[in-house]
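**Q** Kindly generate the corresponding structure for this input.
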Amino acid sequence: MKASFLSLLICLLAFTGRAQQNYDASLIPKELTSYATAVIRTSDESTEVKDLGTTVYRLKKVVTVLNKNGDDHAEIVVWYNKSNVIKSIRGAIYNSFGKQTGKFSDKDFEDVSAASNASLFEDSRIKRYQPAVIVYPYTVEYELEIRSKQSLNLSDWEPITGTGVAVEHSTYKFICKPDFTINYVDINTPEKAVAGTDAQGLKTYTWQIANLKALRPEPYSPDAERYLPLVKIAPQNFEYEGIPGSFTNWKELGAWVYNKLLLNRDGLPPETIAKVKELTAGIIDPKLKAKKLYEYMQQKTRYVSVQVGIGGYQPFLASDVDRTSYGDCKALVNYTHALLKAAGIESWYCVVKSGSRKRSFMPEFASMDQGDHVILAVPFKSDTTWLECTSQTIPFGFLGDFTDDRLVLACTPEGGKILHTPKYSAGLNMTHRTGDFTIDTNGDLSGNMITKFEGTDYDTRDYLINEAYTEQVKKIKQAYPISNLNIDKLSFQKADDKNLATVETIKLQARDFAPLNSGKYYFKVNLANRNHGIPDDVRNRRTDVYINRGYVEEDEISYLIPDGYKPEKDALNKQLDKPFGKYIITSRVEGKKLIFKRRLQMNDGTYPKDEYENLVDFLKTVSMYDDYTMVLTKG
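**A** Residues are numbered from 1 along each chain as shown. Below is the predicted model:
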C-alpha cells in the first residue's frame with residue numbers, strides 16, 4: 001500500500017512539474033503556423049511489451065489549438081474494453097499565454113458504448129473529452145496509460161494524422177525484453193529507427209521527428225501513407241486472448257488464423273447437410289451449385305455485428321448461425337463456407353480492409369491490424385468467384401465498391417495468400433440514361449426516363465428497392481435537379497448476377513420547366529445529371545493526383561419542342577480528352593425533336609501533381625457545359 005501511494009505521489013509531482021513548462025502560443029516557430037489549425041508542441045508515445053500477455057501503451061501529448069478549425073485535434077478519444085484497460089488519464093488546459101486555466105481527469109470524460117447501429121453486442125467502449133474553450137489559441141496537455149492483455153496488435157506511430165496540424169517534436173519508443181523480436185516498417189520518416197538497450201537491459205527502438213510543417217488539404221490526394229510518416233510494428237511471437245502464435249509473413253499469419261481461429265468451426269447439423277444435398281440435386285456445374293447455396297444463405301440469414309473478446313477475430317460456429325439465422329461478417333462467411341463445403345466446393349476466408357476508398361494490405365509486411373472485414377473467395381478451375389456475405393440483396397459473384405480492387409489475405413489450409421479482388425473498370429461502372437420528353441407551349445415538361453446503374457454504380461438506387469413507394473418518390477425528387485418535379489409513375493428493376501444493373505423507370509411532369517420570356521423558351525437541356533464538383537485551385541501542390549474509382553455517365557435525352565421553334569444558337573458541341581477523363585456534349589435538331597447527348601468518363605489512377613491544374617480546368621468546363629441553358633426562338 002505504501003509503495004503504491006509513493007508511486008502515485010511521484011507521478012503527481014512529475015505531472016505538476018511538467019505543467020510548469022511554458023506553453024505560451026507565441027513561442028511556436030512562425031514557420032509551423034502556416035496552414036496550421038493546431039500545433040503538436042510535444043508528443044511522447046511508447047509501447048512496452050511486458051510479456052506475451054501484457055502490453056502497455058503510454059502517451060504524453062501537448063497540443064495548441066490556433067483556431068476553431070483545430071478543435072478536433074484537442075479532442076481526446078480513447079477506446080477500451082475488458083482486454084484493453086485504461087489505467088490512468090488526466091490533463092490540463094492553458095490559455096494563449098501558457099497560464100493554466102483548468103484541469104481534467106477520468107471523471108470528466110464522456111463514457112459511451114462503441115457499439116454500432118448494426119451490432120447485437122460489443123464490449124468495447126469509448127471515453128471522450130472535448131475542452132469547452134472558445135478563446136483561441138489554447139493548449140491541452142494530457143497523458144494516459146492503457147494496458148492490453150495481448151501482444152498481437154502493437155500501436156502504429158502516426159505523428160501527423162492529417163492536414164492542418166504541425167509538429168514541433170514527436171517521439172515513439174518501442175520497448176521489449178531481449179528475447180522478443182519484431183518486424184517493422186517505417187514509411188516517409190526522415191530518420192530511421194535507433195535501436196538500443198535501456199538501463200534495465202530492455203531492447204528499445206526509437207523514432208523521432210521535429211519541426212514538421214502542416215499540410216494544407218489537397219483534393220484528389222492519394223492515401224495518407226503515401227506521403228505522411230507512419231511506423232507499423234508486428235511481433236514474431238505473440239499471444240491474443242490466451243491463444244499463442246508466431247509469424248514473419250502473410251503465409252504464417254494466415255496459417256495461424258486458419259488453424260487457431262477457423263479450424264473445426266464449419267460443422268453443420270445433419271439436417272442442414274441434407275438440405276444442401278436437396279438444394280443442389282441435379283446441378284452439375286459447381287458455380288451454379290455455389291450460387292444456389294449463396295442465395296439460400298442470403299434468404300436465411302441477416303447481418304448483425306457481434307464484437308466480444310476473441311469474437312472480434314473468431315467467427316461463430318457455423319452450427320450456431322444455422323440455428324439462429326444471424327451473424328457478423330466473420331460468422332456469415334464461415335457459414336457460407338460450411339454450406340459450400342457440404343456440397344464439396346472449396347472456399348477461402350479472406351480478410352480485407354473495407355470502404356469505398358481502396359486500401360490494400362502491404363504485400364511485404366504482415367500484421368493483423370490491416371483488415372477490418374471478411375469476404376469469401378471460391379476458387380473454381382476457370383476463375384475465382386468473390387462473395388460478400390453480409391448483404392441479402394447483392395448479386396452472386398459481385399463485391400461492389402466496399403471491397404473491390406485491393407489486396408486481401410486469404411486464409412487457406414496451406415497458409416495465407418495475398419490475393420487481389422476484382423477491379424471494376426470505368427467502362428463497367430456506368431450510369432446510362434435515356435429520356436423522351438415533350439415541352440408544350442406553356443413550357444411544361446412531360447415524358448419518360450429510364451436510367452440503368454451498372455457495376456459499382458448499381459447500388460446508387462438499389463438501396464431504394466425495398467423502401468415504401470412514397471419514400472421512393474420523395475428520394476427520387478431529391479436526386480434530380482428538376483424544379484416542380486411531379487412523378488406519375490416510378491419503378492425499379494433489381495440487379496442480379498446475369499445483369500449487374502439496377503434499372504429505374506420514371507414517368508414525370510415538371511411545370512414551368514422551360515419558362516417563356518419575350519417569345520423565347522429557356523431551360524437546362526441537361527435536366528438530370530449536372531456535375532458541380534469543382535475542387536479548389538491549389539498552387540505548389542505537394543501530392544500526386546489520385547482518382548479512386550473510374551466511371552462513365554451517358555445521357556441521351558430527346559425533347560419534342562413547340563412548333564416553329566429552334567435553338568437560338570448553333571448546336572451545342574464540346575469535346576475534352578485528357579489522360580484522366582473524357583467529356584463529350586452535343587445537341588442537334590431532327591425534325592421537331594431536339595436531341596441532347598452527354599458522356600463523361602473518369603479514369604481511376606495516380607497522375608503527376610502537375611496534372612491537377614488540368615483536372616480543375618477539365619471539371620470547370622464540364623460544370624459549365626452541364627449547366628448550359630438552351631434558348632428556343634421562333635424559326
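
**Q** going forward, measure contacts and count neighbours with C-alpha atoms only.
**A** Noted.

**Q** So which residues of this structure form helices?
**A** Residue ranges of the helices in the chain, as given by DSSP state H, are 2-19, 250-256, 270-280, 286-300, 318-324, 329-342, 459-462, 469-479, 612-626.

**Q** and Phe523, how many neighbours?
**A** 18 (other CA atoms under 10 Å).

**Q** That one and Gly635, how far apart?
**A** 17 Å (CA to CA, to the nearest Å).

**Q** about what we covered before: tell me which of the helices of the chain is the most buried.
**A** Counting by mean count of other CA atoms under 10 Å, helix 329-342 has the highest mean neighbour count of those, with a mean of 26.

**Q** The protein - how does it break down into domains?
**A** 24-243, 251-420, 430-634 (automatic domain parsing).

**Q** TSV for those, including mean pLDDT?
**A** Shown next, in TSV, are the domains of the chain (pLDDT from 0 to 100):
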stretch	mean pLDDT
domain 24-243	93
domain 251-420	94
domain 430-634	95
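
**Q** Can you tell me which of those is packed in deepest?
**A** domain 251-420 (a mean of 19).

**Q** Any idea how far apart the tips of it sit?
**A** First-to-last distance for domain 251-420 - CA to CA - comes to 15 Å.

**Q** what does stretch 440-450 give?
**A** End to end - CA to CA - stretch 440-450 spans 21 Å.

**Q** Over to stretch 272-292?
**A** 14 Å.

**Q** for the nearest residue to Thr189 once chain neighbours are set aside, phi and psi?
**A** Leaving aside its chain neighbours, Thr189 sits nearest to Pro229 (5.0 Å; criterion: CA to CA, 6 or more residues apart in numbering). Backbone torsions for Pro229, taken as degrees, to the nearest 10, come to phi -70, psi 140.

**Q** Pro229 reaches Gly162, doesn't it?
**A** No - applying CA atoms under 8 Å as the test, Pro229 and Gly162 come out as separate, 10.4 Å apart.

**Q** partner residues bridging the residue nearest to Pro222 when sequence neighbours are not counted?
**A** With CA to CA, 6+ apart as the criterion, Pro222 has its nearest non-adjacent residue at 5.1 Å, and that residue is Tyr546. For Tyr546, the beta-bridge partners are Thr606 (DSSP bridges).

**Q** Quick one: closest of the helices of the chain to Gln208.
**A** helix 2-19 (20.0 Å; CA to CA).

**Q** hmm, who's touching the top strand by length along the chain?
**A** Assignment by DSSP state E gives strand 38-51 as the longest strand of the chain. Here strand 38-51 makes contact (CA atoms under 8 Å, 6 or more residues apart in numbering) with 28, 32-33, 55-67, 70-71, 73, 151, 154-155, 159, 164-177.

**Q** what lines up beside that strand in the sheet?
**A** Partners of strand 38-51 in its sheet, by DSSP bridges: strand 54-65 (antiparallel), strand 165-176 (parallel).

**Q** Centre of the chain to the last one, how far?
**A** Relative to the mean C-alpha coordinate of its chain, strand 165-176 is positioned 26 Å out (CA atoms, centre = their mean, to the nearest Å).

**Q** same check, this time on stretch 206-219
**A** 23 Å.

**Q** Residues touching that stretch, excluding its own?
**A** So stretch 206-219 is contacted by 31-36, 159, 162-174, 189-195, 535-536, 538, 541, 543 (CA under 8 Å, 6+ apart).

**Q** The same query, at a cut-off of 6 Å, please.
**A** Stretch 206-219 has contacts (CA atoms under 6 Å, 6 or more residues apart in numbering) with 32, 35-36, 163-173, 193-194.

**Q** hmm, which two among the residues you listed are most spread apart?
**A** The widest separation within the contacts of stretch 206-219 (CA to CA) is 30.9 Å, between Tyr35 and Val194.

**Q** And the residue nearest to Val77 when sequence neighbours are not counted, how close does it get to Asn22?
**A** The spatial neighbour of Val77 that comes closest, neighbours along the chain excluded (CA to CA, 6+ apart), is Arg128 at 4.5 Å. Relative to Asn22, Arg128 is positioned 26 Å away (CA to CA).

**Q** Over to Ser155?
**A** For Ser155 relative to Asn22 (CA to CA), the value is 29 Å.

**Q** what's the answer for Ile506, then?
**A** Relative to Asn22, and taking CA to CA, Ile506 is found at 66 Å.

**Q** Same check on Pro413?
**A** In terms of CA to CA, Pro413 sits 59 Å off from Asn22.

**Q** and what of Glu414?
**A** 58 Å.

**Q** what's the answer for Tyr349, then?
**A** Counting by CA to CA - Tyr349 and Asn22 are separated by 54 Å.

**Q** just Tyr184 next, same as before
**A** 35 Å.

**Q** nearest spatial neighbour of Gly102, skipping sequence neighbours?
**A** Counting by CA to CA, 6+ apart, the residue nearest Gly102 is Ile93, at 5.1 Å.

**Q** okay but that neighbour is in contact with Lys99, surely?
**A** No - judged on CA atoms under 6 Å, Ile93 makes no contact with Lys99 at a distance of 8.3 Å.

**Q** mind listing what the residue nearest to Gly102 touches?
**A** Gln100, Thr101, Gly102, Lys103, Thr139, Val140.

**Q** cutoff 7 Å now
**A** By CA atoms under 7 Å, 6 or more residues apart in numbering, the contact set of Ile93 is Gln100, Thr101, Gly102, Lys103, Thr139, Val140, Glu141.

**Q** Find the nearest non-adjacent residue to Ser124, please.
**A** Asn81 (4.5 Å).

**Q** swap in Tyr258?
**A** Cys411 (5.7 Å).

**Q** Okay, and the beta partners of that neighbour?
**A** Tyr349, Gly416.

**Q** hmm, back to that, kindly provide the distance from the residue nearest to Gly102 to Ile86.
**A** Applying CA to CA to Ile93 and Ile86 gives a distance of 21 Å.

**Q** I'm done for today, thanks for sticking with me.
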